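Colleague: Pasting a predicted model and its sequence here:
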Amino acid sequence: MNKNEDYSSELEELRLRLAEAEETLNAIQNGQVDAVVVNGVEGTQVFTLEGADYAYRVLIEEMNEGVAILTADSTIFYCNRQLASIFKVPLEEMIGRPVSEFIQLEHLKKCQITSKGDLNSRCKEEILVRARDGTLIPVQITIRFLKELNGSFMVINDLTDQKRAERSFRIF
Amino acid sequence: MDKKIQNKLDEFENALTAEKKGEKYVLRLFVAGINPKSRRAIENLREILEENLKDQYELEIIDIYQQPIFAKEGQIVAAPTLIKELPPPLRRFVGDLSNKERLLLGLELKSKKNKNNQNE
């Protein structure tokens, strides 16, 4: 009796795993994915299945400025590592969050970005943002709505070093 | 099936679903940069979570281009992929998560019974 129960729970487990494997293959075959992950001798590589604009992607990933792309309701759906490091937040905790969690609403209003998602804006402002550890950071923020993205892109430039240099210049 | 038994079964299924609804969900979504299906997966998932699990989930969204090591750890073969880590059992969903029914069933936020009743 016990043995039968063991078998049936094992069977249930195997059925679930088989169903998952089949769903995964179906999703790949039906073109429902963007990229596949291959673990090779040179480490983990990600192969993009379509729209492989590799150079542009690397450009955004490697630039010194923090970059985010916002959906029409001001959710961050893409951000680069630099942006996450300015806010001292792990990258995986920034993507998918409303931008208002990181930049005060009054600052966003300056750029006409309200929480309701009025994105008809294009601006360049110097503002202070608060990093997760509490430090205030002077930044230059540029936000521009792009119809092609059905959202807007945001570029943030950390001005900490520049401000420090300006202060020491004033002293002398 | 006897109607009485059927009713009991329905009650049981509903109770199970209700219990799941009280649990904290830990989810990880693996996306591939700004590609369209990844964007749709984020939008679809946020909508479903806000509707069904408000304030009751932790979600991390990982860009596998920038953090490929996480993709390896999570045994990800394609992006977008959603992994439900908690509550057990661990489950994965590949694709843009546009099939809301299937996702709700997979997350056990809806019992099969309810689905059948709706179809009738």
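Modeller: Sure thing, it's come through. Everything quoted here is computed from the prediction, not taken from an experiment.

Colleague: Secondary structure element holding residue A:3?
Modeller: Per DSSP states H and E: residue A:3 is located in helix A:2-29.

Colleague: Is there proximity between the longest strand seen in chain A and chain B?
Modeller: Using DSSP state E, we find that the single longest strand of chain A is strand A:136-146. No - Strand A:136-146 does not reach chain B (CB under 8 Å from any CB of the partner chain); its nearest approach is 11.8 Å. All C-beta spots, glycine's among them, are computed from the backbone N, C-alpha and C.

Colleague: Check which element follows that strand along the chain.
Modeller: Next element after strand A:136-146 (DSSP H and E): strand A:151-158.

Colleague: Let me see the ranges of the helices in chain B.
Modeller: With DSSP state H as the criterion, chain B has helices at B:3-21, B:36-52, B:68-73, B:100-106, B:112-119.

Colleague: spatially speaking, which residue is in the middle of chain B?
Modeller: Nearest to the geometric centre of chain B sits residue B:107, at 3.8 Å (CA atoms, centre = their mean).

Colleague: okay but that residue is in contact with residue B:25, surely?
Modeller: Yes - at 7.3 Å, residue B:107 counts as touching residue B:25 under the criterion of CB atoms under 8 Å.

Colleague: thought residue A:79 was touching residue A:68?
Modeller: Yes - if you go by CB under 8 Å, residue A:79 and residue A:68 touch, sitting 4.1 Å apart.

Colleague: Between those two, point out the one with more neighbours.
Modeller: A direct count of neighbours by other CB atoms under 10 Å in any protein chain shown for residue A:79 and residue A:68 places residue A:79 higher, at 28 against 24.

Colleague: From residue A:65, how far out is the more buried one?
Modeller: Separation of residue A:79 from residue A:65 (CB to CB, to the nearest Å): 11 Å.
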